[in-house]
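Visitor: Predicted model follows, preceded by the sequence.
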Amino acid sequence: MTRLQSERYHDDCIQHTFHSGRASVGVWSAMIYNWKSELVFLKPTGKKGITCNDYLEQVLKPVVGPAFQGQKGYKKGDAGGLYVEDGAPWHGVNKVLRESKKELGIPRHDRLAQSPDLNPIENVWRIMKQRIKARTYVPGTVNEMRKAVQQEWARLRPVDFNQFVDSMPERIVELQKRAGMQTRW
């Protein structure tokens, strides 16, 4: 449920985030109607954190490309539709990644990366964050957070996320009516 404007500063309407003070965890996942991917915890290979190349080698080549091509246990069409990315810096907009996605047969959806209105998985991440926050013990280390994310991802059922996929036509209409401004999604 989305908060009302008058509830902006209510504690239960604020999404708290985890900051260990030492490290961050890069997680990739995907979902479509009645299907969700396995989680991929990205491992940085350089000193500057997760890079576009890490994303290419750990996610696009071994998981996303095969899903769109119907390989490695995926049924042709399991990935379906278009590939939508959020604003994670490693998704990149550089030519190498664009060309790699094209070569891997990954049909991209070009849109504003920071627009949760058109990215249903942002709603799924919100559910997971709320579930983790509601635990009696909130994770305090990177390993505890990884475990909590894995547990909550495993708990997700199609009933939890199909509604967000179903709402896409309505989202597009609402976004057009609001001339690109924030919607209730």
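Guide: Done, it's in. Residues are numbered from 1 along each chain as shown.

Visitor: isn't Gly105 right next to Pro66, touching?
Guide: No - between Gly105 and Pro66 there is no contact under C-beta atoms under 8 Å: 9.5 Å. Where you see a C-beta, it was placed from the backbone N, CA and C, and this is true even at glycine.

Visitor: Could you tell me the model confidence score at Val138?
Guide: Reading off the confidence values, Val138 has pLDDT 84.

Visitor: before we move on, back to that, which of Gly105 and Pro66 has more residues huddled nearby?
Guide: Shown here are Gly105 and Pro66; by other C-beta atoms under 10 Å, Pro66 has more neighbours (18 against 14).

Visitor: Give me the neighbour count for the spatially closest residue to Arg131 that is not a sequence neighbour.
Guide: Spatially, and ignoring its direct neighbours in sequence, Arg131 is nearest to Glu152 (5.0 Å; C-beta to C-beta, 6 or more residues apart in numbering). A total of 19 residues lie near Glu152 under the criterion other C-beta under 10 Å.

Visitor: I'd like the next helix or strand past the host helix or strand of Glu152.
Guide: In the assignment (DSSP states H and E), Glu152 maps to helix 142-155. Per DSSP H and E, the first helix or strand lying C-terminal to helix 142-155 is helix 158-166.

Visitor: what angle do the helix or strand that that next one is followed by and helix 158-166 make?
Guide: With elements assigned by DSSP H and E, the helix or strand that comes after helix 158-166 is helix 168-177. Relative orientation of helix 168-177 versus helix 158-166 (axes from the mean of the first three to the mean of the last three C-alpha atoms, to 10 degrees): 40 degrees.
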